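Q: With the sequence up front, the predicted model follows.
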Amino acid sequence: MYWTSIMICYFLLVYYLSSAACSELLSRHRRTWIIDSFTIEEGHPGPFPYELGTISIERDHRVYFDLYGEGVDEDPKGVLSIDKESGILSIHRPVDYEEKKLLKLSFEARKSDLSIETKLGIEISILDINDNPPRFQMDLYEIRIDEENTQGSNLLTVVAYDRDEAGSPNSTFHYEIKSVSPNTPDTEFFINEFGTISFKGCLDHEVAEMFTILVEAKDHGEVVSLSSSTTVIIHVQDGNNHLPIISGQTGTSRVKEDETGSSPLRLQATDKDTLNSPAWRARYTIQGDEGEHFKVETDSDTNDGILTVVKPLDFEEGVQRELSISVENEAPYFFCKVKERTSSGLWTVETSKVDEPHTVKVIITVEDINDPPVFSVTVKEAMLEENAPIGTWVERVTAFDPDSSHAKDFVYTIGSDPAGWVAVDPHAGDITTVKTPDRESPHVVNGVYTILLHAVDNGNPPQTGTATLQIHVTDQNDNVPQPTVQHMDVCVSDSPTTTNITAFDLDENPFGGPFTFELLGDVKGKWKLNPSYGYTAGLVKEPGVYAGPHTINVKISDLQGEYGVYNLSVTVCDCSAMANCRTHREAATRAASGAVGVVFASLFLLLFLLLMAVTISCKKHFTMVQTDSSGETLLISNTEKPGTDCKVPDGVLAVSPDKKHPDPSHWQTMHDGMQHTIFSYEFEDMSTMNFLNKRNSTYASDVTLLTLLHRRLSSLQETEDELLDYEPHLYAEEGDSDHLSELESITIPDVDSLQKTLEYLGPKFRQLASICRPPHIQN
C-alpha cells in the first residue's frame, strides 16, 4: 500500500510538470498566431494616406513595430505601412480586387535590443466593388445559316464574363438583343439566359440575305450597373424555296435509226433561287424510256437539259417515242409561311418539303435508214468428218432484212475462212467444202474450225450482217505413229544397256496410242525391245554390239494397226570418256572443219603470192636500141644459142622455185597425209567421213592446179633469164673484116627519154631484135 501511494504521487508530479511545460510552449507559440484582420475597399477614392487601424498587443515595456509581406515589400508594393512606435496601419494608394483579393503580411514587435518579442500574422481582405462590366469573348460574331432552318433552332451562342467577385450582384448579368437590322415582319430573333440566339417565323433569302444583331450583357450591381455589347452577323444562304420550271425547248426532235451520241432536243429551265447554287442547279429525269435509249445532262453554264441518244433506236419498233421529262433542283425543296404571330412561344407557321416537280412531254421522231440483214442464228454449230470429199454439204444459214422501206435483197458471202475449206451459196446459204478438211490443221483449235459468214444487202450504202459457224471436225486415222527423235546414243557396256524410243500420233483416240514397237532386220543377239508396248519403248543393246554408228529399222503401230517404219541412227560410244556420243561427234566435226579451214586459207594465200609474182614479171620491158644500117652483112656471134648471154638485172625480183613453187611431189605427200588423217575418223562417225571426203576431192583439184601453175612459172623464169638482162654488144662481121663497115656506138639515153624513144624505133631495130629473140617466142 505504501509503495502504491508513492507511485501515484510520482505520476501526479510528472503530469503536473508536463502540463506546465506544454502551457508555456502554447503561450509562446500563441504569440505568432493571427490576432486581427482588416479590410480595404477596392478602388478607394482617397485622400491618401489614410489610417486603416492599429495593431495592439499586451506589453509592459517599450517595443518597436515592423511589417513585411504583400502590399509592403511584396506585390502589390507601396500599399501599406506601419508606424514603428504606435503600430498604426496606413493606406497609401488604391487596390484592385481583380488583382489581389487578400493581402497576407507578417507583424513583428522588437525590444530595444532588437530581439523579437512578438511575431504575428495579419490578413487584410479587399472588398470588391462593381468596377468591371461583363465582357464578351468576341466583339464580332459571324455565321452562315441555311434558309431551310426552322424556327426555334439554335443558331449561335455568345459568351460573356465578369471579373467582379463571383456570385455577387456585381458579377451577375443577363443577355439582351438591343437591335436587329433589317427588321422583317416574318422573322424575329431572341436570346436566352445562356446567350443562345434563335428566331421565330421563317427565313427568306430573297427578303433578307443578312441580319445584323446587337447583343448586350448587363450586370446587376447595387450601386451602379455596368454593361457591354457585341455584334452578331448572320448570313442566310439561299435554300430551294422556288421550284424550277421548264420554260422552253429547242432542237429538231428527230433522230436517225441506229444512231447514238446525237442530241435532238434541248430544254430550258428557269429558277428564282441564287444563280449557280445547289438550289438553282437543275436535275432532269426521264419517264417513259423503257429501253433506256436516252439520257438528259445538265449544262452547268445555262442550266439547260440536253437530251442525248445513248442506245440505238429501231425504226421498225416505232416511228415516235413519247417521253416525260421533269426537272428539280439538287437541293431539296423547302417552303415556309407565317400563319400567326404569338406574344409568347414560337409562332404558327406552315412548312412543306414535298412538292411535285414540273414535267413536260416531248415526242422524238425516229428516221428510218438501211438496216443490215440479220441472221436467225448468229452462232451456229455443225459437224464435218476429216478428209470429207470436196463438195460435202456442211450447213445452211438463213438471214432476213428487217427494213420496211429500203432494199431487201442480199447475198451470202464468206467473211473469214482461214484455211479456205468452204464456200457458200450466195442465195440459198448452203455451205459446202472446196478443200479436204484436215483435223490436224493449225487452224483447227480443240477440234473446232471457225468461219465467219456475211449477209450483204444492196442498199446505199450496203449493210452487212455477220454470223459465226463453228465446225466440229471429227477425227480419222490418217496419221501413222512417229518417233520423237531420229538419233540416239547408247553407252558401251559389258552388260545390256537401254535407251528409250518415244512415239506420238497426230490423231486422237482411238486412232492414237498406246503403240506397238517392233524391230526389223537381223537384230538377234544385238538389239531387242523391252517393253515394246506403250508410248515409250526400251531399246536394249546387247554386250556384243561394237562401238560406232548403227542403223536400226523400227516399226511403230497404233491401236488400229496403222504403222510406219523408220530408220533410227544409234551411236554406241564410251560414256566414261565423254558425257555423251554427241559431244565426241561435235568435237571431231569442229576439229576437221578447223583443219580444212587452215588448209584452204594457206592455199588462197599461196595463190595470191603467185599472182603477184606473175604480175611483177609481166611488167618488164625490153630495151630496144636503134642502130644504123650494118651494110646488110652477117656478123660472127660465136654463140651456140641466141640470148643465152642475157642476165637478169638486179632491179628485178628473183623468185626461187624451191621456196615459192614447191615440187608437186611435196603436195602429193601432203595430200596423202591429209587423206590418212581424214580417213582416221571414218570409223568414229559416218556423217563426218562423208563431209571430209567431199572436202578431200576439192583439195585434190587444188593440188593439180598448183602443179600446172608451177610448170608455167618455171618456163617463164627461164625466159626471163634470157631476155631481161640483155645489153648491146659489138660483134665481128662474118667474112673479110677488111671490107666490113665499122659499127657506131649507141648512145643510151636516160630512163625518162628511153621509154619515149622505144615507141618509135622503126624497122632499124628488127634485125637486132631477131638475133636476141629466143626460138620459142613468137611475134
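A: Thanks, I have it. Residues are numbered from 1 along each chain as shown.
Q: ok, which stretches of the stretch 251-400 of the chain are strands?
A: Shown for the stretch 251-400 of the chain, the strands assigned by DSSP state E, counting those that start in this stretch span residues 254-256, 265-270, 282-287, 294-298, 305-309, 320-329, 335-340, 348-352, 358-367, 374-375, 379-385, 393-396, 399-400.
Q: Format these as JSON lines; extra columns: mean neighbour count and mean pLDDT.
A: Using the backbone N, CA and C atoms, a C-beta is placed for each residue, glycine as well. Output for the strands of the stretch 251-400 of the chain, formatted as JSON lines (neighbours: other Cβ atoms under 10 Å; pLDDT from 0 to 100):
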{"stretch": "strand 254-256", "mean neighbour count": "18", "mean pLDDT": "91"}
{"stretch": "strand 265-270", "mean neighbour count": "20", "mean pLDDT": "95"}
{"stretch": "strand 282-287", "mean neighbour count": "17", "mean pLDDT": "95"}
{"stretch": "strand 294-298", "mean neighbour count": "18", "mean pLDDT": "95"}
{"stretch": "strand 305-309", "mean neighbour count": "21", "mean pLDDT": "96"}
{"stretch": "strand 320-329", "mean neighbour count": "18", "mean pLDDT": "94"}
{"stretch": "strand 335-340", "mean neighbour count": "14", "mean pLDDT": "91"}
{"stretch": "strand 348-352", "mean neighbour count": "13", "mean pLDDT": "87"}
{"stretch": "strand 358-367", "mean neighbour count": "16", "mean pLDDT": "93"}
{"stretch": "strand 374-375", "mean neighbour count": "18", "mean pLDDT": "90"}
{"stretch": "strand 379-385", "mean neighbour count": "14", "mean pLDDT": "90"}
{"stretch": "strand 393-396", "mean neighbour count": "17", "mean pLDDT": "92"}
{"stretch": "strand 399-400", "mean neighbour count": "18", "mean pLDDT": "89"}
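Q: now these in TSV, with distance to T39?
A: Conversion of those to TSV gives the following (distance: least, Cβ to Cβ, whole Å):
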stretch	distance to T39
strand 254-256	97
strand 265-270	76
strand 282-287	74
strand 294-298	77
strand 305-309	82
strand 320-329	70
strand 335-340	58
strand 348-352	57
strand 358-367	78
strand 374-375	110
strand 379-385	108
strand 393-396	121
strand 399-400	115
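Q: Could you point out which of these sits nearest V545?
A: Ranking those by distance to V545, with Cβ to Cβ as the measure, places strand 379-385 first at 46.9 Å.
Q: pLDDT weak spots in this structure?
A: Along the chain, the model assigns pLDDT under 70 to residues 1-36, 57-60, 353-354, 404-408, 577-595, 617-704, 710, 714-779.
Q: So it: which segments form each domain?
A: Split into domains by automatic domain parsing, the chain comes to 29-127, 135-237, 245-367, 374-474, 482-577, 589-764.
Q: hmm, back to that, and T484, which of the strands of the stretch 251-400 of the chain is closest to it?
A: Of all the strands of the stretch 251-400 of the chain, it is strand 379-385 that lies closest to T484, at 28.6 Å by Cβ to Cβ.
Q: got a list of contacts for the closest one?
A: With Cβ atoms under 8 Å, 6 or more residues apart in numbering as the test, strand 379-385 has contacts from 392, 394-395, 397, 431, 433, 437, 449, 467-474, 476.
Q: Recalculate using a threshold of 7 Å.
A: 394-395, 397, 437, 467-474, 476 (Cβ atoms under 7 Å, 6 or more residues apart in numbering).
Q: Then stretch 123-139?
A: Residues outside stretch 123-139 that contact it (Cβ under 7 Å, 6+ apart): 34, 37-43, 71, 95, 97-98, 100-105, 158-165, 168, 170, 173, 217-219, 221, 223-224, 226-228, 230.
Q: Drop anything exposed from those.
A: Buried by 16 or more other Cβ atoms under 10 Å: 38, 40, 42, 71, 95, 97, 100, 103, 105, 158, 160, 162-165, 168, 170, 173, 217-219, 221, 226-228, 230, out of the contacts of stretch 123-139.
Q: Just list the residues touching V374, thanks.
A: Per Cβ under 7 Å, 6+ apart, neighbours of V374: A399, F400, P402, G465.
Q: next one: G152
A: With Cβ under 7 Å, 6+ apart, G152 has these contacts: S198, L346.
Q: rerun at 8 Å
A: S198, F199, K200, L346.
Q: Enumerate every residue touching the last one.
A: Meaning L346. With Cβ under 8 Å, 6+ apart, L346 has these contacts: Q151, G152, K200.
Q: The third one now?
A: If you count contacts by Cβ under 8 Å, 6+ apart, K200 has them with Q151, G152, T187, E188, F189, F190, R341, L346, W347.
Q: The second one too?
A: With contact set as Cβ under 8 Å, 6+ apart, F199 has these partners: Q151, G152, L155, T187, E188, F189, F190.
Q: List just the nearest of these to T615.
A: L155 (117.4 Å).
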